[in-house]
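Student: this is the structure alone, sequence omitted:
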């Protein structure tokens, strides 16, 4: 195996209670030729002191301090300052299996992939130790993977088979960022760029096992109460409509499913019968028929699309109920694996 430099970029904002586990998991990597670039995005808690202490202990760590500009601006700065041939992102409240970089790099070299991705293991905040054991156990053997062409990769993305929308979970060849950057001051920045990376990559590889522990926090961006910026669901919907205007029918149908999913997630958070909810419901109504008819869409999503015909109030109740069930199943899953 070669000694290619891999840049691990960690955007950090007020994650003092989580950042130790995150950095420790990266410093423990079995593949040692890494640089760890931590972008402190204007944290107001003790994150900055913690980062400086780590930088003093490990020469591979560089801390970049900046004014708060959001997740995308932190990632973009990290990309500009990194030196690796490959790039991997880890969010500051998540952590990874000890051999993630080694296994992803093995896959990249065997397949000449520009883009290696996987699915995360999601866990509810507080189940850290169990999640760490699970991802280390899952990735213990040699990496299992398959190569996909662009069309298959896009279909997997939009149908969430599996779910890997986030900018994390992926090993990027750095030249993919020559013409793509994360949109700043926007929600849904991950989805807005993931499909563009897939379109730009010559070879895409999917790793089967889950090496990345993704924390579900009650105060995470997507779980916070509604604010006006979440209306970016309309922005990303319009962008996807435009970008795939001339795509073949199978891709379009997958895009319609993704647009429906994005809007129903945010719809459940909007004030009932507000102007915001009415604008979002337009997109739900526009694409629900396509979702119901599409047998490639999972049963869960098709049922939700069907329930949307019951009216706004009924649909909101269904979404909240399904969300509670999903969180309960996630907690049970961690208990079962642990």
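Tutor: Structure's in. What do you need? Computed from a predicted model, the values in this text were never measured in an experiment.

Student: go through stretch 151-160 and flag the buried ones.
Tutor: Neighbour counts over stretch 151-160 (16 or more other Cβ atoms under 10 Å) mark 153, 154, 155, 156, 157, 158, 159, 160 as buried. Backbone N, C-alpha and C define where each C-beta goes, glycine included.

Student: what lies in contact with that stretch?
Tutor: The contact list for stretch 151-160 (Cβ atoms under 8 Å, 6 or more residues apart in numbering) reads 148, 161-162, 164-165, 194-195, 198-199, 201, 204, 206, 250-251, 254-255, 257-258, 261, 296-298.

Student: can you flag the buried ones in the residues you listed?
Tutor: 148, 164-165, 194-195, 198, 201, 204, 206, 251, 254-255, 257-258, 261, 297.

Student: ok, of those, which one's closest to residue 225?
Tutor: Nearest to residue 225, judged by Cβ to Cβ, of the buried ones among the contacts of stretch 151-160 is residue 261 at 20.1 Å.

Student: thought that closest one was touching residue 301?
Tutor: Yes: using Cβ atoms under 8 Å, residue 261 is in contact with residue 301, at 6.3 Å.

Student: quick check: neighbours shared by these two?
Tutor: The contact lists of residue 261 and residue 301 share no entry, where a contact means Cβ under 8 Å, 6+ apart.

Student: below-threshold pLDDT in the stretch 1-150 of the chain: ranges please.
Tutor: 1-2, 139 (pLDDT under 70).

Student: the strands in it, which residues?
Tutor: Assigned by DSSP state E, counting those that start in this stretch, the stretch 1-150 of the chain shows strands spanning 6-12, 34-41, 61-66, 86-89, 95-96, 115-117, 120-124, 145-148.

Student: which helices and strands sit right next to the fourth one?
Tutor: Applying 3 or more Cβ pairs under 8 Å, 6 or more residues apart in numbering; DSSP states H and E, we find strand 86-89 packed against strand 6-12, helix 71-81, helix 100-111, strand 170-173.

Student: ok, now with 10 Å
Tutor: Judged by 3 or more Cβ pairs under 10 Å, 6 or more residues apart in numbering; DSSP states H and E, strand 86-89 is in contact with strand 6-12, strand 34-41, helix 71-81, helix 100-111, strand 170-173.
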